[in-house]
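Peer 1: show me how the following folds:
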Amino acid sequence: MVAVDGAAARAAAEARRRLDGEMAPGGLWPERSPWIRDAVARLPRDAFAPERLWDWDGCAWQPVDRGSNPDRWLELLYGTAHRAAVTQVTGGLPTSSLSAQALVVDMLDSLRLEPGQRVLELGTSPSAWNAALLTHRAGPGRVTTVEVDPDLAAAGATRLKTAGLDVDVVTGDGSLGHPAGAPYDRAIATYAVDRVPWAWIEQTRPGGRLVLPWGRLGHAALAVAPDHTHATGWMQGLAQFMPDRTTTPPGTRDFATVRAHTPPSGPEQHTTRDPEHLRTDWGLLSHLRVVLPESVITTAVDHDGASAWIHDGHESWATLSSTPEGVYRAQGGPRHLADLPENA
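Peer 2: This next block holds a predicted model:
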């Protein structure tokens, strides 16, 4: 949290009101968890967000500093309830973010947190906003949050301390949880995993609840079985999440590596498939994630439109590129990944 002058404070307050006005008529404030709206009002995003956010200009991520560009900084935080604010870029790619406000609210509602319960959070981030909201509900000293990046953990701890919130911030591998504080009544992850670490279930008491992003495209709520041998539950909503940094399957290649080792199977071809669907159609993306869990889809937008890059982490790849002349596709490897959206 930082001190701001009167004009900046008024601008931030107006941005909050606009976003609240978007969420209220859209039914995005959950009726069964009225505490969340109060917590967001008392602990707003701008009070915890880093002074530097990142904005995609169509070609690369560009820094947006609160001091030099306060209007755009606020727009990145409050422009829409469904957009995350990127808080860290490493090697040209986003590696940490402040999740969209509607998504944060939805996940907190799915957690069904009660006052006095002990909470394990996986993924503090530099803002620590989610930990702050959890503490508002659970109470002082009831939340433990784990962050693998020491710099992000330190930044989050500083923001929580400045806000006067008693939260235990631990630097470590989130996939291991934090056994020293177990058992927990609730556990919540802020980054996506392909497989649920057993430590999260083991450290949550029988009958406890676990909310986590699965496969980067949605979040699930699981209840731990009375005999503590498993957890079951349902997908709660669709959204895109940052991936786990520590459990990438061994041998998995990124797009550039796959593309470098596998030549195109033929020339580029014109296609009527709009790559925008691979950016905004969450139903399609969720289906692809379930039936082809190894596929990785990345999208970007520039002045020509949306483009997509698809690969399977091994030897097949495809591109859908928007140009002034239309959309063209190319692919290589034994699997025809460019056909995935059409088949789905």
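Peer 1: the helices in this structure, which residues?
Peer 2: Assigned by DSSP state H, the helices in the chain fall at 6-23, 35-42, 70-78, 101-111, 129-138, 150-162, 198-202, 255-261, 277-280, 282-291, 340-343.
Peer 1: any chance you could list what contacts the fifth one?
Peer 2: Residues external to helix 129-138 that are found in contact with it (CB atoms under 8 Å, 6 or more residues apart in numbering): 35-36, 38-40, 42-43, 45, 48-49, 98-99, 104, 108, 113-119, 121, 124, 142-143, 145, 156, 159-160, 163, 165-167, 169, 186, 188, 190. Any C-beta I mention is one placed from the backbone N, CA and C, and that applies to glycine too.
Peer 1: in TSV: the helices of the chain, plus mean pLDDT and mean neighbour count.
Peer 2: Shown next, in TSV, are those (pLDDT from 0 to 100; neighbours: other CB atoms under 10 Å):
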stretch	mean pLDDT	mean neighbour count
helix 6-23	92	15
helix 35-42	97	16
helix 70-78	96	20
helix 101-111	95	22
helix 129-138	98	24
helix 150-162	95	19
helix 198-202	97	18
helix 255-261	90	15
helix 277-280	86	17
helix 282-291	78	16
helix 340-343	74	16
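Peer 1: returning to that earlier point: what subset of the contacts of helix 129-138 is buried?
Peer 2: 35-36, 39-40, 43, 45, 48-49, 98-99, 104, 108, 113, 117-119, 121, 124, 142-143, 145, 156, 159-160, 163, 165, 167, 169, 186, 188, 190 (16 or more other CB atoms under 10 Å).
Peer 1: thinking again about what came up before, of all the helices of the chain, which one comes closest to S307?
Peer 2: Nearest of those to S307, taken as CB to CB: helix 277-280 at 9.3 Å.
Peer 1: so which of the helices of the chain gets nearest W317?
Peer 2: Of all these, helix 255-261 comes closest under CB to CB, at 4.8 Å.
Peer 1: and that closest one, what other elements does it pack with?
Peer 2: Under the contact definition 3 or more CB pairs under 8 Å, 6 or more residues apart in numbering; DSSP states H and E, helix 255-261 sits against strand 305-311, strand 317-323.
Peer 1: quick one: contacts of that helix?
Peer 2: 253, 296, 298, 309, 311-317, 332-333.
Peer 1: redo that, cut-off 10 Å
Peer 2: Contact partners of helix 255-261, identified using CB atoms under 10 Å, 6 or more residues apart in numbering, comprise 252-254, 296-298, 309-319, 330, 332-333.
Peer 1: which of these are buried?
Peer 2: 253, 296-297, 309-314, 316-319, 330, 332-333.
Peer 1: flag the least confident of these.
Peer 2: Here the lowest pLDDT out of these sits on R253, with 77.
Peer 1: my guess is it meets E294, correct?
Peer 2: No. R253 is beyond contact range of E294, at 11.2 Å (criterion: CB atoms under 10 Å).
Peer 1: distance to L176 for the helices and strands packed on helix 255-261 - can I get that in a markdown table?
Peer 2: Below are the helices and strands packed on helix 255-261 laid out as a markdown table (distance: least, CB to CB, whole Å):
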| stretch | distance to L176 |
| --- | --- |
| strand 305-311 | 29 |
| strand 317-323 | 33 |
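Peer 1: tally of neighbours for the closest residue to D149 other than its chain neighbours?
Peer 2: Closest residue to D149 in three dimensions, ignoring its sequence neighbours and counting by CB to CB, 6 or more residues apart in numbering: S96, at 7.4 Å. Neighbourhood size, S96 [other CB atoms under 10 Å]: 26.
Peer 1: what's across from S96 in the sheet?
Peer 2: Note on S96: beta-bridge partners Q88, judged by DSSP bridges.
Peer 1: isn't it up against G123?
Peer 2: Yes. Between S96 and G123 a contact is recorded at 8.6 Å, counting by CB under 10 Å.
Peer 1: circling back: nearest to D281 among the buried ones among the contacts of helix 255-261?
Peer 2: Using CB to CB, the buried ones among the contacts of helix 255-261 come closest to D281 at I297, 11.1 Å.
Peer 1: doesn't I310 make contact with that closest one?
Peer 2: Yes. Counting by CB under 10 Å, I297 touches I310, with 5.2 Å between them.
Peer 1: got any residues that touch both of these two?
Peer 2: F255, P275, L278, L288, A318, L320, L337, L340, P341.
Peer 1: if we can go back for a sec, and for R253 and E294, which residues touch both?
Peer 2: H311, D312, G313, H314.
Peer 1: what's the neighbour count on the nearest residue to the second one once chain neighbours are set aside?
Peer 2: Once its chain neighbours are removed from consideration, D312 has its nearest residue in E294; the separation is 5.2 Å (CB to CB, 6+ apart). Counted with other CB under 10 Å, the burial measure for E294 works out to 14 neighbours.
Peer 1: do A81 as well
Peer 2: A81 has 17 nearby residues by other CB under 10 Å.
Peer 1: tell me the contacts of it?
Peer 2: L19, D20, E22, M23, G26, L28, A100, Q101, A102, L103, V104, V105.
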